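1. Below are the sequence and a predicted model for it; my questions follow.
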Amino acid sequence: MKKLLLIILGIIIVLIIILFIKTFTYPFKKNSSTTTKEWKVVKNDSAVQRFSNGLKIATISTGELGDFDYSTFDTFKEYLKKSYPEIYQNTENYEVNKYGLVFKLKGSQPNLEPILFLSHMDVVPPGDADIKNKEENVFKPNDKALPRVTKVAEDWDYAPFSGAVANGRIYGRGTIDMKGMLFSLMESMSNTIKSGHIPKHDIYLAFGFDEEVGGQKGAAQIANHFKKQGLKFDAVYDEGGLVLEKGSVKGIDSDVAVIGCAEKGFLSAKIKVKGLGGHSSMPPTESAIGKAAVIMQRLEDDQMKPIITPLIKEFFDNIGGSMPFANRLAISNQWLLQPLLLSQLTKNNTTNALVRTTTALTMMKGSDGTNVLSPEVEFVVNFRLLPGNTVKDVKEHIAKATKGFDVEVEEIDNTREASAVSPTNTKAFKLIEAGIKEIYPTAIATPYLTVGGTDAYKYQIVSKNIYRFMPIKINNSEQQSIHSTNEYISIENYLKMIHYFEFIMKNYDK
């Protein structure tokens, strides 16, 4: 017995030694301190003013299939034409499906594959939260900047379509999603033209108008138009990643710039569960709503298996070297500790979304009366598909959860597979890293999985190199303002974004 214990102890010691050796020799990406000087923000009140006025045009997209009021989009198109005459005069520009906008700045070597920058002009409705200050035409670019918010706002500081500039911020619906990127791209292209720089590659801008409701009339039509022209892009740049402020990623004492190299798929299923209806005074042993509850519990308790995909492995390889020892131990020894690592990742809603197809119960409808048993109950479950899982996998998962019950399953909204994963060894990706170092020298740049949907997905038919990143540094509370209350972008962030895109446009040929 003593001999057996000694053998077990020896095995444990050897195992510990192996774990430590692998941890200390694991090839984490080195994020050493840089000597690069951070680009200093250059005051540009006219650029801020143009953006502010654009925010006042309420280009709201609502409803299904892009059926909404387009009158404000006509106003917005005219505003862009008035605000950026040098772009309209020096590019080939045209409309796709009346409201999609395309600009082509010709390069000196048309045989090279062009590069494409995306954005969208539509915004979500502002909601009905109270407005603290209803003053109009607020433009105070010289205000002292307030610190970043530390909690989600309940009210708007200024009206959502005021375009107010105060407190070092630009307020309004669309400041982050996505007019900030649209106007910064227009400013960047305008500056490139005015500087006399002639790129080698053609540079395209493409702006959709219904991204918030699926993008089928905007981005999808523009992408198909490019395909019919035989265009292939060397790079496509869109939204989907940010610079997360220090402290946003637990255990890392620096900013982290996450670059979306893929995005999750989407499937929403309406599940109708049938049972016996009638009066609540004589209920059946199992009601339709009770059956629906069983199915919903199955879906939440037995979710699709978590996986560390190659993209997420690269993400951890990039940031792991800056994490505490326990994290590095788990990341570098997944041959043994992957189950433990996955267990920890799935306990947090943010990291859980990176390693599995998520399940979200979102809507439910039953009886309209307190004493009426509905013969049919329906609920909606939304899945966001991890690259590696398919729509077919999800359908089989639903079939398993509903087995034994009389149900009807209907797909709603825009079902789509997860996107392809773009490579990180391309010039297009490396230039993003260089642009990040230009404005955030100490930030850790890493590939990432975009968990939400973007227009970029539609452009897979014209490029394999699609990257989702917007160079603004925000904290968790500021992220929560997207599609919510009191959305704003700091003046500093906006001006840095202009410089970043101008940097990409002027350095892509180097």
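-> Looks like it arrived, so ask away. Please read these numbers as outputs of a predicted model, since none were measured by experiment. Numbers count the residues shown, from 1 in each chain.

2. got a list of what residue 418 touches?
-> Listed by CB atoms under 8 Å, 6 or more residues apart in numbering, the contact set of residue 418 reads 262-265, 385-390. C-betas here are computed from N, CA, C, even on glycine.

3. List just the nearest of these to residue 351.
-> Distances from residue 351 to the contacts of residue 418, taken as CB to CB, are shortest for residue 386 (12.6 Å).

4. is it true that the closest one touches residue 359?
-> No: if you go by CB atoms under 8 Å, residue 386 and residue 359 don't touch, sitting 11.7 Å apart.

5. which of the contacts of residue 418 are buried?
-> Neighbour counting with 16 or more other CB atoms under 10 Å marks 262-265, 385-387, 389-390 as buried within those.

6. State whether residue 292 is indeed within a helix.
-> Yes: assignment of residue 292 by DSSP: H, G, I helix; E, B strand; the rest coil places it within a helix.

7. mind listing what it touches?
-> Listed by CB under 8 Å, 6+ apart, the contact partners of residue 292 are 271, 273, 364, 366, 377-379.

8. and the residues you listed, which two are the farthest apart?
-> Among the contacts of residue 292, 271 and 366 lie farthest apart (CB to CB), at 12.7 Å.

9. on that earlier part again, among the contacts of residue 418, name the ones in strands.
-> 262-263, 265, 385 (DSSP state E).

10. returning to that earlier point: adding distance to residue 225 and pLDDT, write the buried ones among the contacts of residue 418 out as a markdown table.
-> Shown next, in a markdown table, are the buried ones among the contacts of residue 418 (distance: CB to CB, whole Å; pLDDT from 0 to 100):
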| residue | distance to residue 225 | pLDDT |
| --- | --- | --- |
| 262 | 24 | 98 |
| 263 | 22 | 98 |
| 264 | 26 | 98 |
| 265 | 24 | 97 |
| 385 | 27 | 98 |
| 386 | 31 | 98 |
| 387 | 27 | 97 |
| 389 | 31 | 98 |
| 390 | 28 | 98 |
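
11. which one of those sits closest to residue 20?
-> Among the buried ones among the contacts of residue 418, residue 386 lies closest to residue 20 (CB to CB), at 31.6 Å.

12. the bottom helix or strand of the protein by mean pLDDT?
-> In the chain, no helix or strand scores lower on mean pLDDT, DSSP states H and E than strand 278-279, which sits at a mean of 77.

13. what's next to it, contact-wise?
-> Strand 278-279 is contacted from outside by 284, 371-373, using CB under 8 Å, 6+ apart.

14. Residue 67: what secondary structure?
-> Here residue 67 is recorded as coil under three-state DSSP.

15. Would you mark the buried spots in the top helix by length along the chain?
-> For the chain, the longest helix by residue count, based on DSSP state H, is helix 2-25. Of the residues in helix 2-25, 19, 22-23 count as buried by neighbour count, 16+ other CB under 10 Å.

16. if you take the average position of the protein, which residue is closest to it?
-> For the chain, the residue nearest the mean C-alpha position is residue 240 (3.1 Å; CA atoms, centre = their mean).

17. Show me the strands in the stretch 301-450 of the chain, by range?
-> With DSSP state E, counting those that start in this stretch as the criterion, the stretch 301-450 of the chain has strands at 358-365, 372-373, 376-385, 407-416, 444-450.

18. Same list, those, but as CSV with distance to residue 323 please.
-> Below are the strands of the stretch 301-450 of the chain laid out as CSV (distance: least, CB to CB, whole Å):
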stretch, distance to residue 323
strand 358-365, 24
strand 372-373, 53
strand 376-385, 25
strand 407-416, 33
strand 444-450, 10
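
19. Now the weakest link among these, please, by mean pLDDT.
-> In terms of average pLDDT, strand 372-373 trails the rest of those, at a mean of 89.

20. Each with direction, which strands does that strand pair with?
-> strand 278-279 (antiparallel) (DSSP bridges).

21. one step back: any idea which of the contacts of residue 418 is the one closest to residue 4?
-> residue 388 (42.4 Å).

22. wait, that closest one sits on residue 309?
-> Yes: proximity of residue 388 to residue 309 meets the contact threshold set by CB under 8 Å, at 5.5 Å.

23. Just the buried residues out of the contacts of strand 278-279, in ChimeraX syntax.
-> ChimeraX command restricting the contacts of strand 278-279 to the buried ones, with burial defined by 16+ other CB under 10 Å:
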select :373
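
24. okay, the contacts of strand 278-279 in JSON lines with distance to residue 147 next?
-> Listed next are the contacts of strand 278-279 as JSON lines, based on distance: CB to CB, whole Å:
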{"residue": "284", "distance to residue 147": "58"}
{"residue": "371", "distance to residue 147": "54"}
{"residue": "372", "distance to residue 147": "53"}
{"residue": "373", "distance to residue 147": "54"}
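
25. still on that earlier bit, who has more neighbours, residue 271 and residue 366?
-> The residue with more neighbours, out of residue 271 and residue 366, is residue 271; 23 against 17, by other CB atoms under 10 Å.

26. Run the angle between the strand or helix carrying that one and strand 376-385 for me.
-> Assigned by DSSP states H and E, residue 271 falls within strand 265-274. Angle of strand 265-274 versus strand 376-385, following axes from the mean of the first three to the mean of the last three CA atoms, to 10 degrees, is 160 degrees.

27. What is the burial count for residue 429?
-> By other CB under 10 Å, the residues close to residue 429 number 20.

28. Numbering from 49 from now on, please.
-> Yes, from this point I'll number from 49; that puts the last item at residue 477.
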